[in-house]
Structure formats: structure tokens, C-alpha cells
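Undergrad: Turn this into a structure:
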Amino acid sequence: MTWSVGAGLEGRGVIVTGAAGGMGRPVAEAFASTGAKVMAVDLRQQAAEEVAAGLEGTGHVGVGADLSDLDGHRDLIDRARRHLGEVYVLAHLAAVLKRRASVDEVTEQDWDFQVDTNLKATFFLCRAAASAMRDAGDGGRIIAFTSQGWWTGGFGGSVVYCASKGGIVSMVRGLARTYGPDQITVNAVSPGQINTPMLTTDLDPELFQQLTDATPLGRVAEPEEMAGTVVFLASRHASFISGATINVSGAMLMY
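TA: Have a look, this model is predicted:
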């Protein structure tokens, strides 16, 4: 076995959703650096194409897709199979957050927007990807993203977002049991405070500082610091890790 973090990924087909986002772009870049072929998926076609065009190596493609449209998932997976030759990895980072100062201000639209995108769409996209992996008969890797909020309940008006992310943890465990016999691993990455627009937009600066102070490493992470964990979970080295939620919070949380 080659002891590189991305061992086994050279030439493999990888889908990265939320690829133009704060964490998605570094993850796509990290996969490309292993020699994988990446489909960069984002809401806007132009943004997805720009990410794909900037990746190391060849065989990459950018695709614009609204993942809350469940009817489009099968087409997306089929397109990945055509362009990449297979779907071996799904790294699903796409998510939305709508902060409200008070839970009394949360609307049904707020709830549906976040739960439909963050939880419902994740389930159906993972299922579609796993179906393709099963058909190929070569195993696979599914990596979803939760948040520190699944454990803490969240800060800064993010109760609904955190509820959706708590669902991800339970869902990953269930899917790991379901797809284990097919040698498809299913795991979640749980970031702490990451320097992205999702964290900082509409977040009180004083609360931001409190959260930073509560992190023993004394800082927020940069998005690039998530990429290694994702690539590791997709690699040969993580072939016996499934159903896990990997805590990447700088010791803000310990579990």
C-alpha cells in the first residue's frame, strides 16, 4: 500500500457538491491532487465550471445543479458516470444556513429551506450514488458533512440548521449499515469553527470571538484544513471506517 493520504484514488471518479463554497473548493482541489477525476457540483453552472477548470490534472467537469430538486439526482449521477467513467466517491458538502435571532422568528419556509436541502436532499443523493456504486460492484465512499451543531445545538440563531445536521449523523449510521455489505463506507465530517461565509454571515462578532476563545487551539480553522480528512476517508487507508462522525473542531468539542 502506498502511504499517501489519497492512496487508491488515482483515476477514480469523485463527485464534490458545494464545490464552489468555502470548504468545497479545497476539497475538490485535494481530490484532484491525488489523480482523481472530479465532478465539481454547485448551484451555479459558471461557478462549478470555474472550479473544475482550476483543478490539477485532467478529466474534471463542472455541473450546475439545484440538489433540492430530487428529480435531478439520477441525471446527475448518470452524468457523472458518463464523464468520470464511474462514481466511486461522493463528498457531499452542499448546505444552507438561515440564521434567526429568535426561534420565535423561524418560519415554516425557513424550516423547509434548510431541512429539505441539508437533510432530505442528502438522503436521496446518497441513495442515488450508492445505487450506482452497487451496480459497479467495486465498493465506494460516501462522505457527508454535519456540523458541531449536531452536538451543541448550535449558536447564533442556527437551531433549524443544527436540527438538520443532527439528522445527518443518524442517517450516516443507518446508511453505513445498509451499504456495508456492498463495501460502501458512509461517514460524516463534523467541522467546528471554519473561516467561511456560512459561519461569519449574520453572526455577531462578539459571539464569533467567544467561540474562538472556546476552542483550545485558539483560532478558527481555514477551509483547507478540512480537505485532508475528507480525502483520507475516501482513501484505502479508511477502508474499515464506516458509520463514523469525525470531529474536526480544534478540541472545541471532544467525543
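Undergrad: and V96, helix, strand or coil?
TA: Under the three-state scheme (DSSP: H, G, I helix; E, B strand; the rest coil), V96 adopts coil.
Undergrad: Quick check: it touching D112?
TA: No: V96 is beyond contact range of D112, at 11.0 Å (criterion: Cβ atoms under 8 Å). Any C-beta I mention is one placed from the backbone N, CA and C, and that applies to glycine too.
Undergrad: ok, which stretches of the stretch 101-250 of the chain are strands?
TA: Shown for the stretch 101-250 of the chain, the strands assigned by DSSP state E, counting those that start in this stretch span residues 140-145, 184-191, 245-248.
Undergrad: before we move on, the earlier item: comparing V96 and D112, which residue is more hemmed in?
TA: Ranked by neighbour count (other Cβ atoms under 10 Å), V96 and D112 place V96 first, with 17 against 13.
Undergrad: Show the pLDDT at the residue nearest to the more buried one when sequence neighbours are not counted.
TA: Leaving aside its chain neighbours, V96 sits nearest to T117 (4.8 Å; criterion: Cβ to Cβ, 6 or more residues apart in numbering). For T117, the model assigns a pLDDT of 97.
Undergrad: can you check the one 10 residues further on too?
TA: For R127, the model assigns a pLDDT of 98.
Undergrad: Next up, the contacts around it.
TA: The contact partners of R127, by Cβ atoms under 8 Å, 6 or more residues apart in numbering, come to L175.
Undergrad: Next one: it from L84, what distance?
TA: Distance check for R127 against L84: by Cβ to Cβ, to the nearest Å, it reads 19 Å.
Undergrad: and if you look at G140?
TA: 12 Å.
Undergrad: sorry, back to before: as CSV, the strands of the stretch 101-250 of the chain with mean neighbour count, mean pLDDT and distance to S131 would be great.
TA: Shown next, in CSV, are the strands of the stretch 101-250 of the chain (neighbours: other Cβ atoms under 10 Å; pLDDT from 0 to 100; distance: least, Cβ to Cβ, whole Å):
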stretch, mean neighbour count, mean pLDDT, distance to S131
strand 140-145, 27, 98, 10
strand 184-191, 25, 97, 10
strand 245-248, 19, 97, 23
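Undergrad: what's the closest non-adjacent residue to D116?
TA: Closest residue in space to D116, ignoring its immediate chain neighbours: S68 at 5.4 Å, by Cβ to Cβ, 6+ apart.
Undergrad: Go ahead and confirm the one you found touches T122.
TA: No: look at S68 against T122 with Cβ under 8 Å: they stay out of range, at 10.4 Å.
Undergrad: which one of the two has more residues nearby?
TA: Using other Cβ under 10 Å, the more surrounded residue of S68 and T122 is T122, with 28 against 17.
Undergrad: Next one: that one, what pLDDT does it get?
TA: With respect to pLDDT, T122 scores 98.
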